[in-house]
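S.K.: no sequence for this one, just the structure:
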C-alpha cells in the first residue's frame, strides 16, 4: 500500500522501525516514504528519545498571532454569542454583517473557542486526511446505530467494508451483548471471508471500560482470527465516517418511507438496495457490489496458534498478566493471561504484539510498559510485523 493512503502516524512507526533495523540505506528509506532526510532524522531522533509517543503529530499552532482580531471585535462576537447561545459561527456571521462587521466564519469560530464558548458536544475536529483502503476487506468498520430516531433502545449492528462501502452485516439485535454480535460476525466471515482489520469505537462489546487496556472476550476472539483491531478517536466520529454516513442514510430512509412493522425484513431489503441498487458518488456512481469481492482469508472456528516472525521473542503471559523479558518483569494485561505475545526490540524500546495488533511499547530506559492503542489506532493505521 502506498504510504500516502495510510495514516501519517502509521507511516512514522513503519519508518522508524525500518530505520532502527537498518533494513536499507537511510536516504533510500526517506525516498520510499516520501520524506526529506532532515524529517527522517527528526522522526528517528524523537522516537529514540520518547518512543512511539514522541512521533505523534506536534501542534503547528504559532506561538503568536500578529493579525489576531482586534479586542473590540472579539468583544462584539462574545456579546452576540452570549445573547444567542444556541447560534453558531455561520449565524453569528450573518448577524455581524448586518452591523457592518465583516468577519469570516472561521475567525468567529476561533474567537468562540478562545473564550471557551463552544460546548464539548459541538467540538468537532475536521478530518485533515481522507483515508480509504485500496482493496476490499482490508478494513471493515463496525458500530451500532445510535438510538435516536430508532424504535428501540439499541439501533442495528452495522458492519461495512471501507473500500467498497459494501454492508456485510445489518442486524437488529436489540442489545449489545457479545454472543449475538459474535454470531453475526461468524456468519459474515463464513459468507465473505475474514478481513485484514476492523475499526470500532470505544463501546461494548468490543471495548471494556473496566479494563485498563479495554480488552474483552470478543476483542480477543477477533485477534485470534488474525484481524488487526483499531479504535476510533473519542468524540471523533469522522474516523468511522463511512459507517456513520451509512447510518445517516438509513435514518433518512426510515423517516421518509415510514416505520415498517417488521424491522429486520425492512433492514434486509434496505441492505440489498444499498449494496446492489443505490449508486454512490464516492464510488463514481457505482454500487458497492460492483467493487466488493469475498476475502481469500477463510474463517476457522478453531484457529491455530499465531505464528510470529522469526526474529520476534515469543513469550506466554502469566496469570498476573506479566512476562519476564530482558531481565525485567513487564505488565502486559491480565486479559491475555495464558496467551502468547510477540516482542520485537529496537534499541532501548520494544513493540509488543498480540497476533496482528500492536498493543504495547516497552521502554527499557524508564522501565515502563506503555499502552499504544489509545492514540496510535484512532486514525486507522495498519502496522505490519
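M.R.: Looks like it came in fine. Please read these numbers as outputs of a predicted model, since none were measured by experiment.

S.K.: quick one: the helices in this structure?
M.R.: Counting by DSSP state H, the chain has these helices, from start to end: 8-21, 26-33, 37-50, 71-83, 89-98, 105-114, 178-192, 217-224, 241-257, 263-272, 288-291, 373-376.

S.K.: can you redo these as a markdown table with distance to residue 137?
M.R.: The C-beta positions use only the backbone N, C-alpha and C, and glycine is treated the same way. A markdown table is the format used below for the helices of the chain (distance: least, Cβ to Cβ, whole Å):
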| stretch | distance to residue 137 |
| --- | --- |
| helix 8-21 | 18 |
| helix 26-33 | 25 |
| helix 37-50 | 31 |
| helix 71-83 | 47 |
| helix 89-98 | 40 |
| helix 105-114 | 39 |
| helix 178-192 | 7 |
| helix 217-224 | 14 |
| helix 241-257 | 14 |
| helix 263-272 | 17 |
| helix 288-291 | 11 |
| helix 373-376 | 22 |
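
S.K.: quick one: which of these is nearest residue 365?
M.R.: helix 37-50 (9.6 Å; Cβ to Cβ).

S.K.: what's the angle between that closest one and helix 8-21?
M.R.: What separates the directions of helix 37-50 and helix 8-21 is an angle of 80 degrees, with axes from the mean of the first three to the mean of the last three Cα atoms, to 10 degrees.

S.K.: by contact count, what packs against helix 37-50?
M.R.: Helix 37-50 sits against helix 8-21, helix 26-33, with contacts defined as 3 or more Cβ pairs under 8 Å, 6 or more residues apart in numbering; DSSP states H and E.

S.K.: now those in CSV, with mean neighbour count?
M.R.: As requested, those are exported to CSV (neighbours: other Cβ atoms under 10 Å):
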stretch, mean neighbour count
helix 8-21, 19
helix 26-33, 15
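
S.K.: Would you mind putting those helices into TSV with mean pLDDT and distance to residue 82 alongside?
M.R.: Formatted as TSV, these follow (pLDDT from 0 to 100; distance: least, Cβ to Cβ, whole Å):
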stretch	mean pLDDT	distance to residue 82
helix 8-21	79	38
helix 26-33	88	49
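
S.K.: Among those helices, which comes closest to residue 96?
M.R.: For those, the distance to residue 96 is smallest for helix 8-21, at 36.2 Å, taking Cβ to Cβ.

S.K.: Could you pull up the contacting residues of residue 16?
M.R.: With contacts defined as Cβ atoms under 8 Å, 6 or more residues apart in numbering, the neighbours of residue 16 are 43, 44, 47, 55, 346.

S.K.: typo on my end, it should be residue 105
M.R.: With Cβ under 8 Å, 6+ apart, residue 105 has these contacts: 89, 90, 93.

S.K.: ditto for residue 175
M.R.: By Cβ under 8 Å, 6+ apart, the residues touching residue 175 are residue 154.

S.K.: Count the neighbours of the closest residue to residue 321 other than its chain neighbours for me.
M.R.: For residue 321, ignoring the flanking residues on the chain, the nearest one in space by Cβ to Cβ, 6 or more residues apart in numbering is residue 334 at 3.4 Å. Residue 334 is surrounded by 16 other residues when neighbours are defined as other Cβ atoms under 10 Å.

S.K.: how close does residue 334 sit to residue 43?
M.R.: Distance from residue 334 to residue 43, counting by Cβ to Cβ, to the nearest Å: 34 Å.

S.K.: Check residue 117 too.
M.R.: The spacing between residue 117 and residue 43, counted by Cβ to Cβ, is 37 Å.

S.K.: And those two? Which one has more around it.
M.R.: Relative neighbour count places residue 43 above the other of residue 117 and residue 43, with 21 against 15, counting by other Cβ under 10 Å.

S.K.: That one against residue 14, yeah?
M.R.: No. Counting by Cβ atoms under 8 Å, no contact exists between residue 43 and residue 14, whose distance comes to 10.6 Å.

S.K.: what's near enough to touch residue 324?
M.R.: The neighbours of residue 324, taking Cβ under 8 Å, 6+ apart as the test, are 315, 330.

S.K.: Mind pulling the model confidence for it?
M.R.: The per-residue pLDDT reported for residue 324 equals 95.

S.K.: Show the end-to-end separation of stretch 279-286, please.
M.R.: As for stretch 279-286, its first-to-last residue distance stands at 5 Å under the measure Cα to Cα, to the nearest Å.

S.K.: What residues of it count as buried?
M.R.: When neighbours are counted by 16 or more other Cβ atoms under 10 Å, the buried residues of stretch 279-286 are found to be residue 280.

S.K.: Now that stretch: average pLDDT?
M.R.: 84.
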